[in-house]
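A.B. asks: Following is a predicted model, sequence given first.
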Amino acid sequence: MRIRRWLKRRRLEKKAREKLRDAFRDTSLLAGTSLQPHHSGRSVLIDFETRDGELRLIRFGILRHPRPYAFSKQSHEVIEYYRYDIAKPRIKVEEGLNLTRLHGQDACD
């Protein structure tokens, strides 16, 4: 039984990764977020939820190095957590953490 559950989970995880890749190709889905198609390579699958054996929600994160100003040499490490509601469909930011400031630094040069 454990092997069957593990195999089912693996299949769902593979399907979630495919859905996430497809989401980054859909510009209408990315509209209203700061995400771009080229961010797909930096996305990390965190978790997913199912209902009746079908994927309903995908949680993923992206590590960014934004600059406070376009001309600034400083950058911050920021991780953003997103949720992709497949049923609606909609991508929404759940949380953003500035890792640089979390570790007591102001910015990286």
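C.D. replies: Thanks, I have the structure now. Everything numeric here is computed off the predicted structure, so don't read it as measured data.
A.B. asks: immediately after the longest helix seen in the chain, which helix or strand?
C.D. replies: The longest helix of the chain (DSSP state H) is helix 2-25. The element immediately downstream of helix 2-25 (helix or strand, assigned by DSSP states H and E) is helix 27-30.
A.B. asks: Could you list every helix and strand that that following helix packs against?
C.D. replies: Counting contacts by 3 or more C-beta pairs under 8 Å, 6 or more residues apart in numbering; DSSP states H and E, helix 27-30 is packed against helix 2-25, strand 90-98. From N, CA and C alone the C-beta is placed, and that goes for glycine too.
A.B. asks: just for the protein, where's the confidence low?
C.D. replies: Filtered on pLDDT under 70, the chain yields the residue ranges 1, 66-70, 72-75, 103-109.
A.B. asks: Could you report the distance from residue 2 to residue 8?
C.D. replies: Residue 2 sits at a distance of 11 Å from residue 8 (criterion: C-beta to C-beta, to the nearest Å).
A.B. asks: more neighbours, those two?
C.D. replies: Comparing residue 2 with residue 8 by other C-beta atoms under 10 Å, the one with more neighbours is residue 8, at 12 against 6.
A.B. asks: how much space between the more buried one and residue 32?
C.D. replies: Distance of residue 8 to residue 32, given as C-beta to C-beta: 33 Å.
A.B. asks: Next: residue 41.
C.D. replies: According to C-beta to C-beta, residue 41 stands 21 Å off from residue 32.
A.B. asks: for residue 49, same thing?
C.D. replies: Using C-beta to C-beta, one obtains 22 Å as the distance from residue 49 to residue 32.
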